[in-house]
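In: Can you look at this prediction? I've put the sequence above it.
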Amino acid sequence: MGFLDSLRSGLKRSREAINEIFYMGGEVDEDFWEDLEDTLVMGDMGAEVAMRVTDDLRDQAARENLTRAEQIRDALARRLAAEFPAAERDPFTDLPSCVLFVGINGAGKTTTVGKLAGRAREAGASCLIGGADTFRAAAIEQLEVWGQRAGVDVVTRERGADPASVCYEVVDEAERRGSELVLIDTAGRLHTSADLMRELAKVVNVTRKRSSMPVSVVLVIDATTGQNGLNQAREFNDALELDGLIVTKLDGTAKGGIALAISSQLGLPIYRIGVGEALDDLQTFDAQEFCRALVGEGM
Amino acid sequence: MFNSLSDRLQDTFERLRGKGRLTEDDINVAMREIRMALLEADVNYRVVKEFVARCKEKCLTADVLSSLSPAQNVVKVVLDELTVLLGSTDSRLTLAQNRTPNVIMLVGLQGSGKTTAAAKLAYLLKSQGHSPLLAACDTHRPAAADQLATLGGEIGVPVFRGDGKDAVAVASGSIQEAVDRLCDIVIVDTAGRLQIDEEMMEEAVAIKRAVRPDQILMVVDAMTGQDIVNVVTEFANRVDFDGVIMSKLDGDARGGGALSVREVTGKPIKFVSMGEKPDSLEVFHPDRMAKRILGMGDVVGIIEQAQKVADEQQVADAERMLREGFTMDDLLSQMQQIRKMGGLQKLMGMIPGMERAMGQMPGAAMDDSQLTRIEAMIHSMTKEERARPKIINGQRRRRIAAGSGRTVQELNQLIKQWDEMNKMMGKMRGLAQQGGGKKGRRAMQQMMRNMGGGQGLPF
């Protein structure tokens, strides 16, 4: 299954919902706008963004005299795509690179690290995994299994060790080996826990200071997350100065609208999206394609 | 971002001040705000629509309480409606009486917190006198069984891992294991699955068929957005769970999903999970959840939390006093605590009958100026004197008295009071060492807690 196919099947539900509106008579009236706003809200985009997008489109429709739902569909896809800032640099292909993965518990950080390591290895890059999640039970074991699957070495310490010192060692080891891509997994934490956020800031600072490669901090976010995702991203961004996002679990029925809200409000690019369990299902993000798949072009 | 619905409505109603009653238009404006608040809290869109319609109906027909402002009235209607909807406080697990072992099965999406919840549940059941067994049926995620084994080890609950390959076989094996180990409850932790993953849903059904659980609990992340409706509907159809554990509520998510789950499936929320520690599984309170969803803050919860912290601090202080003896600083902090609570007189007034009893005792008049005087005297002591009042000799007494503007007699009285308390502390220390072990320590802590509350003051 190609990228578009898996993305499409993942986003099928949201497309169906939007198609419903576009096929209702095809006339653009007050009900149409209300339904459109509802649908965007249902996609977790947040009431605020949904209203803004709808109002913009309404203006545009009036200005450009768009009266048919079909025309609005194109405008909508373009309008949504414009909300995403473009990535200046892809930290996973622009090597050498050191990437720290942060996020709340259960977002899919460890799995993402495992998949990316597998991809890098396939592409022939020398990769090293750092296990700085020394808090959660068996997180290190989970990462080691991923390391074995990908054929990538994992540098870590025992449970309870200081994560910042683990990062220091990882970067040390990477330099000794001349690794091109270093992926560091951190412990999941809620953005409301001030102590844990400070700990993470230390981890990031140590890595940024120690590493001679460019360091990126990537927030991993679950596509099923609702409006709280924005709080999460904001807190992580304030504490760590994030570089970008990875959105996981887009293969469910969740639309991942929160990704759009975060990306546009904080100006963070989306590096990858997870659309399935398999290694290849972690895809490069393309705003145009994503939005076209979301809105459903030419059906 | 607005913090609280009531603040918002306050603004909306600002211009309506002076109006005796609300028109339908006014209520429409209010309902729009409520709609936004609920959407921000991730309550499902359809649920919001119906809910708001119902609230509007109530607002139009309800008896308006004259003691409340229009905004407060609307909030009250919404809050009541929300509380009713969220259901009763039924956090009991319904387990078959005549079956051993009872089986509880946990299901949910990936990363919702099933494994952590399983350990917490085991901890809770263990503290209730049960003997639980954890069954590691997550054979998909790498090292999931290791995680459960580690967590089980920490709380002293056995974990059955089986061959770690076939989830259904592990589940069935765990029942036999529970019988062999004389465990009365098996908690089956399953792999996370998407509700549209046919194969995985099939597996969940197969596990259910194999172990015939008394209770199936679905673990739902409090941060889940609109999609929660699709998720729980599908899970309800396929595995038919009995209740919900809301996880990650220690964050600042409003948890509107709780309302969606109730509304769509009718299943009760049984527990809320509030942190990483094994004892952080709590009973669900619909009224608090309602306030949280509306962004009004869980006031009661915060107070309880503050109390818990204060208690811990007190116990720690008390233990230190036992170890190192009672110092003048301790006496001072006790007095300051009384001050903070509104002074001696107010405290006495709060105890029924106390005032009259004191009135009958001549010379026992209490006044807060006495506290001020004692404070002044302690402040006039050096650090060393405060830590070891025994060294205060005649010369020092004169200096302290002069420094605080009190007489040496008054100071003598204070030192005598301290001496009494220190002696009492010494007795307790003896008691604790004699008793030894856990029981003695607990008895001591209890005593210290009573003292720490300021009741041990000698005047």
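Out: Ah, there it is. Numbers count the residues shown, from 1 in each chain, chains lettered A, B, ... in the order given.

In: in the stretch 51-200 of chain A, what residue is nearest chain B?
Out: A:Gly106 (2.8 Å; Cβ to the nearest Cβ). In this view, the C-beta of every residue, glycine as well, is placed from N, C-alpha and C.

In: which residue packs closest to that residue, ignoring adjacent ones?
Out: B:Gly111 (2.8 Å; Cβ to Cβ, 6 or more residues apart in numbering or on different chains).

In: Settle this for me: that neighbour is touching A:Ile221, isn't it.
Out: No. Counting by Cβ atoms under 8 Å, A:Ile221 is not a contact partner of B:Gly111; they are 11.0 Å apart.

In: where do the contact lists of those two overlap?
Out: With contacts taken as Cβ atoms under 8 Å, 6 or more residues apart in numbering or on different chains, the residues that reach both B:Gly111 and A:Ile221 are A:Ala107.

In: which bits of the stretch 51-200 of chain A sit near chain B?
Out: A:104-108, A:114, A:136-139, A:141-142, A:144-146, A:159, A:190-193 (Cβ under 8 Å from any Cβ of the partner chain).

In: Could I get the pLDDT score of the residue of the stretch 51-200 of chain A closest to chain B?
Out: A:Gly106 is assigned a predicted lDDT (pLDDT) of 88.

In: Relative to B:Thr139, how far out is it?
Out: According to Cβ to Cβ, to the nearest Å, A:Gly106 stands 18 Å off from B:Thr139.

In: Of the two, which one has the most company?
Out: Ranked by neighbour count (other Cβ atoms under 10 Å in any protein chain shown), A:Gly106 and B:Thr139 place A:Gly106 first, with 26 against 20.

In: Checking the more buried one next. Helix, strand or coil?
Out: Under DSSP: H, G, I helix; E, B strand; the rest coil, A:Gly106 falls in the coil class.

In: check contacts around it.
Out: Here A:Gly106 is in contact with A:Gly188, A:Asp222, B:Gln110, B:Gly111, B:Ser112, B:Gly113, B:Asp221, B:Lys248 (Cβ under 8 Å, 6+ apart).

In: Just the buried ones from those?
Out: Neighbour-count burial (16 or more other Cβ atoms under 10 Å in any protein chain shown) applied to the contacts of A:Gly106 gives A:Gly188, A:Asp222, B:Gln110, B:Gly111, B:Ser112, B:Gly113, B:Asp221, B:Lys248.

In: OK, contacts around the last one?
Out: So the one you mean is B:Lys248. By Cβ under 8 Å, 6+ apart, the contact set of B:Lys248 is A:Ile104, A:Asn105, A:Gly106, A:Leu190, B:Gly113, B:Asp221, B:Ala222, B:Met223, B:Ser273.

In: tell me the phi and psi of the last one?
Out: Okay, so that is B:Ser273. Dihedral angles of B:Ser273 (phi, psi; degrees, to the nearest 10) stand at phi -110, psi 130.

In: What of the second one?
Out: With angles defined as degrees, to the nearest 10, A:Asn105 sits at phi -60, psi 140.

In: Is the nearest residue to it once chain neighbours are set aside within a helix or a strand, and which one?
Out: Counting by Cβ to Cβ, 6+ apart, A:Asn105 lies nearest to A:Gly188, which is 3.5 Å off, once chain neighbours are set aside. Remark: A:Gly188 resides in no helix or strand, with elements defined by DSSP states H and E.

In: Kindly state the pLDDT recorded for A:Gly188?
Out: For A:Gly188, the model assigns a pLDDT of 92.

In: what does B:Ile378 give?
Out: pLDDT, B:Ile378: 90.

In: tell me, how many neighbours does it end up with?
Out: When neighbours are counted by other Cβ under 10 Å, B:Ile378 registers 22.

In: you'd agree B:Ala135 is up against B:Phe160?
Out: Yes. Contact criterion Cβ under 8 Å: B:Ala135 and B:Phe160 qualify, at 4.9 Å.

In: With neighbour numbers in mind, choose between those two.
Out: Applying other Cβ under 10 Å to B:Ala135 and B:Phe160 shows that B:Ala135 carries more neighbours, namely 33 against 26.

In: ok, now which ones touch B:Val231?
Out: B:Val231 makes contacts with A:Thr224, A:Gly252, A:Thr253, B:Leu109, B:Gln195, B:Val220, B:Thr224, as judged by Cβ under 8 Å, 6+ apart.

In: Max pairwise distance over the buried ones among the contacts of A:Gly106: which two?
Out: Farthest-apart pair in the buried ones among the contacts of A:Gly106 is B:Gln110 and B:Lys248; separation 13.8 Å (Cβ to Cβ).

In: Fine by me, we can end here.
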